[in-house]
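> Here is a sequence together with a model predicted from it:
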Amino acid sequence: MTEQTPVTQTDAAPATLTKMHLPDAQIVTSVRHYTDRLFSFRVTRPKTLRFRSGEFVMIGLMGDNGKPLLRAYSIASPSWDEELEFYSIKVQDGPLTSKLQHIQPGDEIILRPKPVGTLVHDALLPGKRIYFFATGTGFAPFASLLRDPDTYERYDEVIITHTCRDVAELTYGRDLVEGLAEDPLIGELVAGKLRYYPTTTRETSPKMGRITTLIENGEIFAALGVPPLNPSTDRAMVCGSLAFNLDIKALLEKAGLREGANSEPKEFVIEKAFVG
Ligand code: A2P
């Protein structure tokens, strides 16, 4: 973490976050707050949990009615990590995140150990270049994939784009990307292969604009020195809001890429980021 990173301390945990002692409970090991809308946290990993980078699990807390309140969260940590990391929005009146944002180390969360999802390498045909297109907390599955050696073994070029409203919302992704070069496991693999293309839409930054606009007007390709999207070389994974996913999907299909799935690998895959 750099000194200028705007990380704040966790708020006091409300009294409702008591120990649950459920079979699927995991212990929170650390929490970081980036803005009043975003935070990340790490929890213990069930010993038997195996997952593919890019997959999600259901996590949550016990609701006031005594029933588990669960939502789909992409696992942001790589599959070799002994803990699990998640990156979350805070919605002040959201049923889950209004409470989840108050977790502190030592608290328990519920985690159903059944990973699933389409943002996995197996759902794409082999290619030369992979694009990871993220907005907001849609960066989470790519935080896992970017730390997976397999990503760099499969592709010559890895391009991660992240569009957020303001600069502070880029912090989680920027810190992660900057840390990859020094990573003892994948630092060497990343060198010369990974390109990071962050943009903001509501605050001035070196690159402004929605990624969809920057694809349509060709600015992203000119900036990175790569040819326009091409189904014979390019693959893509997309994770963001529903509206974003639909807009990117239309652009990818216009360029001739087809949507794939675990059972039928093609040129791109899409998943909606958790909201609320
Ligand atoms: P904008 O500020 O123009 O709405 P959010 O925080 O609302 O999830 O948005 C995250 C980022 O995704 C914002 O920068 C937002 O831009 C951008 N975004 C939202 N919807 C779309 C879309 N349909 N196409 C491209 N970018 C989008």
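Noted; the coordinates are in hand.

> Verify the stated contact: V116 with R52.
No. With contact taken as CB atoms under 8 Å, V116 and R52 are classed as non-touching, separated by 9.5 Å. (Glycine included, C-beta is placed from N, CA and C.)

> contacting residues for L145?
If you count contacts by CB atoms under 8 Å, 6 or more residues apart in numbering, L145 has them with 53-54, 119, 121, 132, 151, 237.

> swap the cut-off to 10 Å and go again
52-54, 74, 76, 78, 119-121, 130, 132, 151, 158, 160, 237 (CB atoms under 10 Å, 6 or more residues apart in numbering).

> Next: R45.
Here R45 is in contact with 26, 29, 51, 75, 77, 81-85, 111, 113 (CB under 10 Å, 6+ apart).

> Can you select the buried ones among the residues you listed for me in ChimeraX?
Paste this into ChimeraX to select the buried members of these, with burial taken from 16 or more other CB atoms under 10 Å:
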select :26,51,75,77,84,85,111,113
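
> hmm, which two among the contacts of R45 are most spread apart?
T29 and F51 (17.9 Å; CB to CB).

> Looking at V116 and R52, which one has more neighbours?
More crowded of V116 and R52, by other CB atoms under 10 Å: R52, with 20 against 13.

> Please tell me how far the more buried one sits from the ligand.
Per CB to the nearest ligand atom, to the nearest Å, R52 is found 25 Å from the ligand.

> list the contacts for G187?
179-181.

> A181 now?
Contacts were defined as CB under 10 Å, 6+ apart; by that measure A181 touches 187-188, 190-191, 194.

> by contact count, what packs against the helix ranked longest in the chain?
Counting by DSSP state H, the longest helix found in the chain is helix 242-254. Helix 242-254 sits against strand 129-135, helix 211-216, strand 234-240, strand 268-272, with contacts defined as 3 or more CB pairs under 10 Å, 6 or more residues apart in numbering; DSSP states H and E.

> Tabulate those in a markdown table, adding columns for mean neighbour count and mean pLDDT.
Below are the helices and strands packed on helix 242-254 laid out as a markdown table (neighbours: other CB atoms under 10 Å; pLDDT from 0 to 100):
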| stretch | mean neighbour count | mean pLDDT |
| --- | --- | --- |
| strand 129-135 | 25 | 98 |
| helix 211-216 | 19 | 98 |
| strand 234-240 | 27 | 98 |
| strand 268-272 | 21 | 96 |
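
> CSV for those, including distance to the ligand?
Shown next, in CSV, are the helices and strands packed on helix 242-254 (distance: least, CB to the nearest ligand atom, whole Å):
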stretch, distance to the ligand
strand 129-135, 3
helix 211-216, 4
strand 234-240, 6
strand 268-272, 11
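
> quick one: common contacting residues for V116 and R52?
Counting by CB under 10 Å, 6+ apart, the residues touching both V116 and R52 are N262.

> on that earlier part again, may I see the buried residues of the longest helix of the chain?
244-245, 247-249, 251-252.

> Need the residues that contact it.
So helix 242-254 is contacted by 131, 133-136, 138, 161, 163, 210-213, 215-216, 229, 231, 234-236, 238-241, 257-259, 267-268, 270-273, 275 (CB under 10 Å, 6+ apart).

> and the angle for it with strand 129-135?
Following axes from the mean of the first three to the mean of the last three CA atoms, to 10 degrees, one obtains 160 degrees for the angle between helix 242-254 and strand 129-135.

> That'll do, ta.
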